[in-house]
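In: Fold the following for me, if possible:
(chains A and B, ligands or ions: 2)
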Amino acid sequence: MTGTPLLRFEDVHLAFGGLRVLQSLDFDVRAGEATALIGPNGAGKTTVFNVISGVYRPQSGRVLLDGRDLAAVAPRQRIRHGIARSFQNVRLMAHLSVCENLMVGQHVKTNGLRDLLAPFRLMGNHRWRREAIDALAEVGLEAHADAPVGGLPYGIRKQVDLVRATLAGASLVMLDEPAAGLNPTETNALRLHLERLKARGITLLVVEHDMHFIDRISDHVVVLNFGRKIAEGSLAEVRRHPEVRAAYLGIEEAA
Amino acid sequence: MSGYQTGVLVILCFNIIAAYAVYLPLAANQLNLGIAGFMAVGAYAAAWLTTELNWAIAPAVLVGGGASALVALVVATPILRTQGIYLALATFALGQVISAVFLNLEVVGAAAGYQVPAYAPAPAVFAATAAIVAVVFYLSRTRFALYLTALKNDATVSELLGLNVRALQIAAFAIGAAIAGIGGGLYAHHFSFIEAQHFNVALSITTVLYVLLGGTQTVWGPLVGALVYTLLPEVLRVGAGWRYVLFALFIIGFMAVRPRGLVTPDLGRRLGAMLMRRARPGKAVP
Ligand SMILES: Nc1ncnc2c1ncn2[C@@H]1O[C@H](COP(=O)(O)OP(=O)(O)O)[C@@H](O)[C@H]1O
Ligand SMILES: [Mg+2]
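Out: Ligands and ions are numbered 1, 2, ... in the order given. Next up is the predicted model:
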């Protein structure tokens, strides 16, 4: 159902003390599409994610998911409403293995107290473990299933963080700079993986600096600068925009 | 088994129970420094039930554990709102308050202590300890334990993944309190006498110390911590006064070498790998 907005920002304002981080922000994330959120460092992209997942509350304005105001949904409940995310600075649980991290990601699909107290670690190759390993296999990381997360290279942790965000059956997956720190092979595998997620009908909201990457995966681009939306459209369109060129001048040469 | 050996084993059992009472909240990132207070609740409640109401020991001890868990649930809301050092101080204060209450409670003997005629023999203590250890090991195989580690690592992300961090922490705190209460109830009926002074700060703190010594990252840690704490002084055969000094020195020395405790997941994996190598010689371990 391409075209209808799954998520909508309506005149959202957010400030930290005197620092205005989001200003009168309006934009839509259309269902089934990949929307890219770009802009220079400090533009407010991660803050947008934090508002959507409920870490921060906007001072004014509304964030609507499927027409429903998210202000009424506690942060913990948002994943049940189909919102999942990865983290720019990779927030895996360092003392858990890769597989265990993914199992925490499965939580909202489990069945209350019964599953909470099921001794699945006594049950050999439990369904939860198989599901986690299948998801890892999609990005070719199944060999790392039992590795403690702490010791893994950054690129692998980054991908595990992403896979974890996809295990809750979310309809909107937000990825904060998923390609940052990945080598070209990993970036390519990531792109294929995002294509697969899209093919499953998952809506993506992606913050990324790699313009080539954005070009390949996104259907729509929203450009932020100093917490304001300065342009939106296709990547080619926003690139021609004078304010975008000015914002990126000397930073990325508008790629 | 000689009387001496039985005596040491019984002490070991009580130390193991106390260790798991401290370990469960600690696994959820909560340092409970008032564990002796929760033991006191269980001890006095169970002792009162058998003595005044002629209950059988087993149900009385279980209800004592329940009473202790109830106290934990009641105080959880104000107390667990605090974090880190403040939580430790709040539980510390709570332990003191509980001890002071029993010191002045006439129905259970107040400062004179409380005689407990119903007797729980050593085998009963062994069986109860085995049951508690089995329950904790069972829990460690569940999502509940997985989630405790997760929230200890990163509470914000855990919350965003849908975990009810607060409910999990309260559950861990209350289950720990229940275990402490059961330990207290058994203690009362094995030693036939309790006094409020026994459930003091030193008891709380030494328990936390040997749990930290054993390590809090795996379910084996508290068991090993309690074993070392109980048996090392017996092996060294030193007098009571020196026992704690030596133990303190041992802890300081050990923490310098293994800051995460004796038993860590990494150690578990290395042992596992070693056993695998032995079982299948020549085969490389990935
Ligand atoms: N919790 C916070 N407290 C104060 N300032 C913050 C906080 N989070 C973000 N900011 C500020 O908000 C601005 C936008 O940050 P961020 O959303 O992380 O930018 P981006 O992801 O686009 O690089 C920056 O100036 C940053 O310093
Ligand atoms: Mg950012």
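In: For the chain, which segments are assigned as strands?
Out: Picked chain A for this. A:5-16, A:19-30, A:34-38, A:60-65, A:68-69, A:83-85, A:172-176, A:203-207, A:220-225, A:228-233 (DSSP state E).
In: Hmm, no, I was thinking of chain B.
Out: Under DSSP E, chain B gives strands at B:114-115, B:193-194.
In: Give me whichever of those strands is most buried.
Out: Counting by mean count of other CB atoms under 10 Å in any protein chain shown, strand B:193-194 has the highest mean neighbour count of the strands of chain B, with a mean of 20. Bear in mind the C-beta positions are built from the backbone N, C-alpha and C, glycine included.
In: Leaving out the residues flanking it, which one is nearest to residue 48?
Out: Because you didn't say which chain, this covers chain A. Among residues not flanking A:V48 along the chain, A:L37 sits closest, at 6.3 Å (CB to CB, 6 or more residues apart in numbering or on different chains).
In: other chain: chain B
Out: B:V108 (5.9 Å).
In: Could you tell me how many residues sit around residue 187?
Out: This is for chain A. 19 (other CB atoms under 10 Å in any protein chain shown).
In: sorry, should have said chain B
Out: B:Y187, neighbours per other CB under 10 Å, totals 28.
In: and B:P59, what does it touch?
Out: Shown in contact with B:P59 (CB atoms under 8 Å, 6 or more residues apart in numbering or on different chains): B:L49.
In: One more pass at 10 Å, please.
Out: B:A46, B:L49, B:T50 (CB atoms under 10 Å, 6 or more residues apart in numbering or on different chains).
In: Please enumerate the helices of chain B.
Out: Applying DSSP state H to chain B gives helices spanning B:3-27, B:35-52, B:57-79, B:84-104, B:122-140, B:143-153, B:155-160, B:165-191, B:201-214, B:221-236, B:240-257, B:265-279.
In: swap in the stretch 51-200 of chain A?
Out: With DSSP state H, counting those that start in this stretch applied, the stretch 51-200 of chain A shows helices at A:75-78, A:98-105, A:112-116, A:127-138, A:154-165, A:184-199, listed in chain order.
In: out of those helices, nearest to ligand 2?
Out: For ligand 2, the closest of those is helix A:154-165, at 13.9 Å, according to CB to the ion.
In: between that closest one and strand A:172-176, how big is the angle?
Out: 160 degrees (axes from the mean of the first three to the mean of the last three CA atoms, to 10 degrees).
In: quick one on the thing from earlier: correct me, but the residue nearest to A:V48 touches A:V238?
Out: No. Using CB atoms under 10 Å, A:L37 is not in contact with A:V238; the gap is 11.4 Å.
In: neighbour-wise, which of the two wins?
Out: A:L37 (28 against 22).
In: quick one, what contacts the nearest residue to A:R129 once chain neighbours are set aside?
Out: Nearest-residue entry for A:R129: A:C99, 6.1 Å, with adjacent residues in sequence omitted and distances by CB to CB, 6+ apart. Applying CB under 10 Å, 6+ apart, we find A:C99 in contact with A:128-129, A:131-133, A:135-136, A:142, A:144-147, A:149, A:160.
In: now do B:T206
Out: Counted by CB under 10 Å, 6+ apart, B:T206 has contacts B:N15, B:A18, B:A36, B:Y229, B:Y244, B:F247, B:A248, B:I251.
In: go again using 8 Å as the cut-off
Out: Here B:T206 is in contact with B:Y229, B:Y244 (CB under 8 Å, 6+ apart).
In: From ligand 1, how far out is it?
Out: 41 Å (CB to the nearest ligand atom, to the nearest Å).
In: count of neighbours near the residue nearest to B:L209 when sequence neighbours are not counted?
Out: By the measure of CB to CB, 6+ apart, the closest residue to B:L209 outside its immediate chain neighbours is B:I251, 6.1 Å from it. By the criterion of other CB under 10 Å, B:I251 has 18 neighbours.
In: quick one: B:I251 from ligand 1, how far?
Out: Where ligand 1 is concerned, B:I251 sits at a distance of 39 Å (CB to the nearest ligand atom).
In: swap in A:G151?
Out: 28 Å.
In: Can you give me the buried ones in the worst-scoring helix or strand of chain A on mean pLDDT?
Out: Of the helices and strands making up chain A, the lowest-confidence element is helix A:242-248, at a mean of 88, by mean pLDDT, DSSP states H and E. Using 16 or more other CB atoms under 10 Å in any protein chain shown as the test for burial, helix A:242-248 gives A:V244, A:A247, A:Y248.
In: Contacts made by it with the rest, please.
Out: A:G39, A:P40, A:V223, A:N225, A:I230, A:A231, A:V238, A:R239, A:A254, A:A255.
In: Could you tell me how many residues sit around the fourth one?
Out: For A:N225, the number of neighbouring residues by other CB under 10 Å comes to 19.
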